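1. Quick one: sequence plus predicted model below, questions after.
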Amino acid sequence: MGQEAAPSLVTIGGTITEIVYALGAGEQIVAVDASSVYPAEAQEKAQVGYMRQVSSEGILSVAPDLVLASSATRPSVALEQVRSAGVAVEVIDDVEGVEGAIARIRTIAAMLNREAAGEAVVATLEEDMAAARAAAAGVQAPPRALFIYARGSGTLQVAGRNTSAETMIELAGGQNAMQQFEGFRPLTAEGVVGAAPDVLVLLDRGFESLGGAPGLLDQPGLQATPAGAEGHIATIDDLKFLGFGPRMGEAVLTLAQYFESLPETSAHRR
């Protein structure tokens, strides 16, 4: 008997797509959602819409054997319609943190019968996190970091407590400057001045959407902060920083190294 063909996949969620590629199963993917931007080859696949606005028609049009979907996929009824059409659907918990990332990798590896590859990806992630923790331990005085989510100057929000951004900042040896609320809220001059961040942290695409540092520092209140006055801005790849996938250790390490590079005269070290 010949070897059974590997199932064709639709992956919904950038982190899920990245994990499938990391496992060496990228060729099985026939379509992805719009958040699947890494690796670059993923952007060449057919599209089934954005993760929070998928349609059953788009998924079924590419006739997959299996759909791997983030638990953040919406509307859930679309996935039920795909199941009703006879296509297998597996929903992967969108859990944050290192343990969540490891569990997600192992879960997907088991679903694709690629357990050995999964353990190799996990081992690399754990090595990256060990290096990141060592770098974070070298941050003698945790800087106050403000995470700003931007998509153009008209859409700026800042991360408060219990957010994925706060988790990454703390893993890197910093502290979240915005403690007045939970979740995300619109940026206000009063709020950012009161938070007095030593560092501004942004995703690459958001930073670019503002026109770089000049556009960012033109936003309300930012020039009046220690970070704005000293030009301390850290930017990181979107999916690497907030995806909690195979590259999260790289993101933590990048941020920890930036924190450690801050001069001794920074506000947080006075």
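-> It's in. Numbers count the residues shown, from 1 in each chain.

2. how close does the residue nearest the centre of the chain sit to residue 15?
-> Relative to the mean C-alpha position of the chain, the nearest C-alpha, by CA atoms, centre = their mean, is the one of residue 242, at 2.0 Å. If you measure residue 242 against residue 15 using CB to CB, to the nearest Å, the figure is 9 Å. Heads up, the C-betas are built off the backbone N, CA and C, glycines and all.

3. what does residue 114 give?
-> Residue 114 sits 16 Å away from residue 15, going by CB to CB.

4. which of those two has more neighbours?
-> Of the pair residue 114 and residue 15, residue 15 is the one with more neighbours under other CB atoms under 10 Å, namely 27 against 19.

5. who's in contact with that one?
-> Taking CB atoms under 8 Å, 6 or more residues apart in numbering as the criterion, residue 15 is in contact with 70, 94, 104, 239, 243-245.

6. Can you tell me the closest non-neighbouring residue to residue 156?
-> Nearest residue to residue 156, sequence neighbours excluded (CB to CB, 6 or more residues apart in numbering): residue 187, at 4.2 Å.

7. Domain boundaries for this protein, per the record?
-> 9-129, 141-269 (automatic domain parsing).

8. Which helix in the protein has the most residues?
-> If you go by DSSP state H, the chain has its longest helix at helix 115-137.

9. Quick one: residues in contact with that helix.
-> Contacts of helix 115-137 (CB under 8 Å, 6+ apart): 19, 22-24, 98, 101-102, 105-106, 108-110, 171-173, 246-250, 252-253, 256-257, 259-260.

10. switch to 6 Å and redo it
-> 22-24, 98, 102, 105-106, 109, 172-173, 246, 249-250, 252-253, 256-257 (CB atoms under 6 Å, 6 or more residues apart in numbering).

11. Quick one: residues in contact with the next helix-or-strand element following that helix.
-> Per DSSP states H and E, the first helix or strand lying C-terminal to helix 115-137 is strand 144-150. For strand 144-150, contacts defined as CB under 6 Å, 6+ apart pick out 156-159, 165, 169, 174-175, 177-178, 195, 197-202, 206, 209-210, 268.

12. From these, which land in helices?
-> 165, 169, 195, 206, 209.

13. Name the member of the residues you listed with the most neighbours.
-> The most crowded member of those, judged by other CB under 10 Å, is residue 169 (28 neighbours).

14. Look at that one and report its pLDDT.
-> pLDDT recorded at residue 169 is 97.

15. same check, this time on residue 266
-> With respect to pLDDT, residue 266 has a value of 49.

16. quick one: the helices in the chain?
-> Taking DSSP H as the test, the helices found in the chain are 14-22, 56-60, 76-84, 97-111, 115-137, 164-171, 189-195, 204-209, 212-217, 226-230, 238-242, 248-261.

17. Kindly compare burial across these and name the winner.
-> Most buried of those, by mean neighbour count (mean count of other CB atoms under 10 Å): helix 14-22, with a mean of 25.

18. Report the distance from it to the chain centre.
-> Put simply, helix 14-22 sits 12 Å off its chain's centre (CA atoms, centre = their mean, to the nearest Å).

19. average pLDDT across that helix?
-> Computed over helix 14-22, the mean pLDDT rounds to 98.

20. Okay, angle between that helix and helix 97-111 too, please.
-> Relative orientation of helix 14-22 versus helix 97-111 (axes from the mean of the first three to the mean of the last three CA atoms, to 10 degrees): 50 degrees.

21. Using PDB, list the CA coordinates for helix 14-22.
-> In PDB, the C-alpha atoms belonging to helix 14-22 read as follows (Å, rounded to 0.1, in the frame of the first residue of the first chain):
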ATOM      1  CA  GLY A  14      -0.900  34.100  11.900                       C
ATOM      2  CA  THR A  15       0.700  32.100  14.700                       C
ATOM      3  CA  ILE A  16      -0.900  28.800  13.600                       C
ATOM      4  CA  THR A  17       0.300  29.300  10.000                       C
ATOM      5  CA  GLU A  18       3.800  30.100  11.300                       C
ATOM      6  CA  ILE A  19       3.900  27.000  13.400                       C
ATOM      7  CA  VAL A  20       2.800  24.800  10.500                       C
ATOM      8  CA  TYR A  21       5.700  26.200   8.400                       C
ATOM      9  CA  ALA A  22       8.100  25.700  11.300                       C
END
